[in-house]
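Q: Here is a sequence together with a model predicted from it:
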Amino acid sequence: STVLLTDIDGNILWQNDVTPFGEETGESGFQDRDGFYTGKKIDRDTGLYYFNARWYDPGLGRFITEDPVKDGVNWFSYVGNNPLRYVDPTGLRRIEWDPREENKSQEAERERVEYNRQMDEALAADRAAIEERRNAMRNARSIAEAASLEKQIREDIGKYNRFVAEHYAPDSVEDYGGTKLTGSFDQKDPYAKNYKQDPHPGIDFTGGDGFETPFYTEAVGGGLNGGSNPAVLSVIGTPYRIRAKHSDSEDVQTVLNDINTPGKTYAPGENIIPYPERANGTKAIHFHVEVRTTEASGASTMRNPIGLTPGTAKRYLYDYGGDRGIDDMVYNW
């Protein structure tokens, strides 16, 4: 747990005392970094820690929701009420804490940061080359020359996207422009209303300036399914399609007019949809993002937008007056 921060001269900038269960008993100074109790983020408004799969109340020494994997007998207890011996890094199960493993974890994190830095530099160079070729296409002297450059650009973009998906897959909501995950893939849908979902087929997030992706994408159209489906994007050169739902139903039609122009392309990190200003009905203001692939057999597989791993989630539209279900293949998004 983070309990002390100093400057380079060893002067204490921030200090905090916590109980074994993470309840703060005394704080002095100021710090703006993440990582408090066992390295987990705290929501200052609620006083709860986010443990990836669920939220933890340090005052109660218990999770506020049951264990999704239902490990053990008590599905709300934290590490079997023994926080001096165990930690729970995922919110799913306890593990025995070992200082040697902690050192290995810190070293692995440093290696990960350095790897990401090198990858960012390499990918930035690839993007620069693609943009240079795009500029050449715009200044081409003939239609044939422009067509040849466009073909090469799409090949370069496909290689870029496949490399990102395989080695540098989205690993957090930040890759989609958000700051806080509020609904996990394959878990119970926190906002279920217009759609029957079995279980949650995407992720929900809040914060940030709007929706973006780490890929080069191309608009393939969309529709107002349930009043909140403004964008369907193809990840160029891959079998992935990304579907982003906007919670602001009053703004969605304006957004649709621009985003769902078939053939329009977006670069990695480009702001595609502005952050919602209003909630849709009783839903909280948020983005919902889904990713799917179409297999050679024609079957559709929902994938976790974070990590792109396949899951069991399916998506259905239902009639309020009956049980008629239509799966997402009908929409062909």
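A: The structure has been received and is ready for your questions.

Q: Which residues are in contact with residue 207?
A: Residue 207 makes contact with 173, 178-180, 275, according to Cβ atoms under 8 Å, 6 or more residues apart in numbering. Quick note: C-beta positions are derived from backbone N, CA and C, even for glycine.

Q: Tell me the one among those residues nearest to residue 49.
A: residue 180 (13.2 Å; Cβ to Cβ).

Q: Hmm, residue 204 and that closest one touching each other?
A: No - with contact defined as Cβ atoms under 8 Å, residue 180 does not reach residue 204; the gap is 9.6 Å.

Q: In terms of neighbours, single out the busier of the two.
A: Set residue 180 next to residue 204 and count neighbours by other Cβ atoms under 10 Å: residue 204 wins out with 24 against 15.

Q: So what's the residue count around the nearest residue to that one once chain neighbours are set aside?
A: In space, and not counting its chain neighbours, residue 204 is closest to residue 183: 3.1 Å by Cβ to Cβ, 6 or more residues apart in numbering. Residue 183 is flanked by 21 other residues according to other Cβ under 10 Å.

Q: same deal with residue 174?
A: With other Cβ under 10 Å as criterion, residue 174 counts 16.

Q: do the same with residue 216
A: Residue 216 has 26 neighbouring residues, counting by other Cβ under 10 Å.

Q: Residue 275 too?
A: Residue 275, neighbours per other Cβ under 10 Å, totals 19.

Q: what do you get for residue 119?
A: Neighbours around residue 119, by other Cβ under 10 Å: 14.

Q: Who are the contact partners of it?
A: 167-168.

Q: if we go to 7 Å?
A: residue 168 (Cβ atoms under 7 Å, 6 or more residues apart in numbering).

Q: got the phi/psi numbers for it?
A: phi -60, psi -40 (degrees, to the nearest 10).

Q: Could you measure from the closest residue in space to residue 188 that isn't next to it in sequence over to residue 59?
A: Leaving aside its chain neighbours, residue 188 sits nearest to residue 199 (5.8 Å; criterion: Cβ to Cβ, 6+ apart). Distance of residue 199 to residue 59, computed by Cβ to Cβ, to the nearest Å: 30 Å.

Q: So between those two, which is more surrounded?
A: Higher neighbour count among residue 199 and residue 59: residue 199, with 16 against 12, using other Cβ under 10 Å.

Q: May I have the predicted confidence score for the residue nearest to residue 204?
A: On the pLDDT scale, residue 183 is placed at 85.

Q: how much space is there between it and residue 172?
A: 14 Å.

Q: Residue 272 too?
A: Applying Cβ to Cβ to residue 272 and residue 172 gives a distance of 18 Å.

Q: before we move on, what about residue 199?
A: In terms of Cβ to Cβ, residue 199 sits 21 Å off from residue 172.

Q: Check residue 292 too.
A: As judged by Cβ to Cβ, residue 292 and residue 172 stand 20 Å apart.

Q: Show me which of the two is the more surrounded one.
A: With neighbours defined as other Cβ under 10 Å, residue 292 and residue 172 compare such that residue 292 has more, 22 against 12.

Q: Worst mean pLDDT across the helices and strands of this protein, which element?
A: Here the helix or strand of the chain ranked lowest by mean pLDDT, DSSP states H and E is helix 328-331, holding a mean of 40.

Q: Pairing partners for the closest residue to residue 264 other than its chain neighbours in the sheet, please.
A: In space, and not counting its chain neighbours, residue 264 is closest to residue 219: 4.5 Å by Cβ to Cβ, 6+ apart. Judged by DSSP bridges, the bridge partners of residue 219 are residue 233.

Q: Isn't residue 219 up against residue 236?
A: No - checked against Cβ atoms under 7 Å, the pair residue 219 and residue 236 is beyond contact range at 11.0 Å.

Q: for the stretch 151-300 of the chain, which spans come out with low pLDDT?
A: 189-198, 221-230, 247-261, 280-283, 298 (pLDDT under 70).

Q: can you pull out the strands in it?
A: Taking DSSP state E, counting those that start in this stretch, the strands of the stretch 151-300 of the chain run over residues 180-183, 195-198, 203-206, 210-211, 217-219, 231-235, 240-246, 265-266, 273-274, 287-294, 300-303.

Q: how about these in CSV, adding distance to residue 121?
A: As requested, the strands of the stretch 151-300 of the chain are exported to CSV (distance: least, Cβ to Cβ, whole Å):
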stretch, distance to residue 121
strand 180-183, 27
strand 195-198, 39
strand 203-206, 27
strand 210-211, 25
strand 217-219, 22
strand 231-235, 22
strand 240-246, 24
strand 265-266, 22
strand 273-274, 28
strand 287-294, 26
strand 300-303, 28
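
Q: Who are the contact partners of residue 57?
A: Per Cβ under 7 Å, 6+ apart, neighbours of residue 57: 48, 64.
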